[in-house]
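*Asks:* Just to be clear, the model below is a prediction. Sequence and coordinates:
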Amino acid sequence: MAPVMKGIKEILNILDSIGPVVATLLLFINRKKLSREMYPIMFFCIIQLCCNTIATIIEKVFDGNNYWVYKINATTSFLCLSYLFLKKLFQISNIAFSLFLFVYAVINMLLLFQGDGISQFNSTSAAIESLAIVSFCLYFFYARLINTSEEISIPETSIFWCIVGIFTYYAGAFFIFISYKYLIHSDSATVGILWRFHNILLFICCAYISYGVLCKNYRTILS
């Protein structure tokens, strides 16, 4: 029984690379069919694949500090998805988007000086980023249900299922991040379980993205 449980744990530990591998391959194979709002989704999957694989190698092979990898992952993923939502889907002005990036950069610099990504994992900043992405997802669902013409079935589009996956991942991750500090101080043994649950959420996200790529139309629903 023990070897079986150990094997399951090992699979769960690398699930955050398995999901992005599948989704990235499917997106790359079908890249010529993709509408333009799908490209940030592909970049998001590539970021997850590269950063999670590097973090696992650093931890397992070199037994080193991989906080900086997770910080790069969180930051680049947030910027990639913010670009998807704010520019591609919501189509805000360049000035508004530049202001958004400036504020985010200032906040990140302040957190960096406090050791975020260097000597610690700042779960508070990750929780705030998750909450922002969840808010973008909810507004996407609301805006598309209200503004999309009756001729277009939103669930029949690839981007819809990609956003469902992103919403599922970041909504679950938000609760992981807000409880991270409490758990690591009260019972550090549960942190491993927490990250395995995080990996499952990312795998589900990639499964939704893969479903959208394989089974749905690539047509755009931009207004």
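*Replies:* Arrived safely. Numbering: from 1, shown residues only.

*Asks:* What are the buried residues along the longest helix anywhere in the chain?
*Replies:* Looking across the chain with DSSP state H, the single longest helix is helix 158-186. Neighbour-count burial for helix 158-186, with 16 or more other C-beta atoms under 10 Å as criterion, is recorded at 158-174, 176-178, 180, 183. Glycine gets a C-beta too; all of them are placed from N, C-alpha and C.

*Asks:* Give me the distance from that helix to the chain's centre.
*Replies:* Mean C-alpha position of helix 158-186 versus that of the full chain (C-alpha atoms, centre = their mean, to the nearest Å) differs by 8 Å.

*Asks:* for stretch 203-215, same thing?
*Replies:* Relative to its parent chain, stretch 203-215 has a centroid offset of 13 Å by C-alpha atoms, centre = their mean.

*Asks:* can you check stretch 31-39 too?
*Replies:* Here stretch 31-39 is found 18 Å from its chain centre; the criterion is C-alpha atoms, centre = their mean.

*Asks:* Same check on stretch 186-203?
*Replies:* How far stretch 186-203 lies from its chain's middle: 16 Å, per C-alpha atoms, centre = their mean.

*Asks:* try stretch 35-43
*Replies:* Offset of stretch 35-43 from its chain centre (C-alpha atoms, centre = their mean): 13 Å.

*Asks:* in this protein, which spans are helices?
*Replies:* Secondary structure of the chain (DSSP H): helices located at 2-13, 15-29, 39-60, 67-82, 94-113, 123-147, 158-186, 190-215.

*Asks:* List the buried residues in the fifth one.
*Replies:* Same thing as helix 94-113. Going by neighbour count (16+ other C-beta under 10 Å), the buried part of helix 94-113 is F97, F100, Y104, N108, L111.

*Asks:* what's the angle between it and helix 123-147?
*Replies:* For helix 94-113 against helix 123-147, the angle by axes from the mean of the first three to the mean of the last three C-alpha atoms, to 10 degrees is 160 degrees.

*Asks:* could we number from 163 for the rest of this?
*Replies:* OK, 163 is where the count begins now, so the last one is helix 256-275.

*Asks:* so where's this structure uncertain?
*Replies:* Residues of the chain meeting the criterion pLDDT under 70: 163-166, 277-282, 311-314, 350-351, 378-385.
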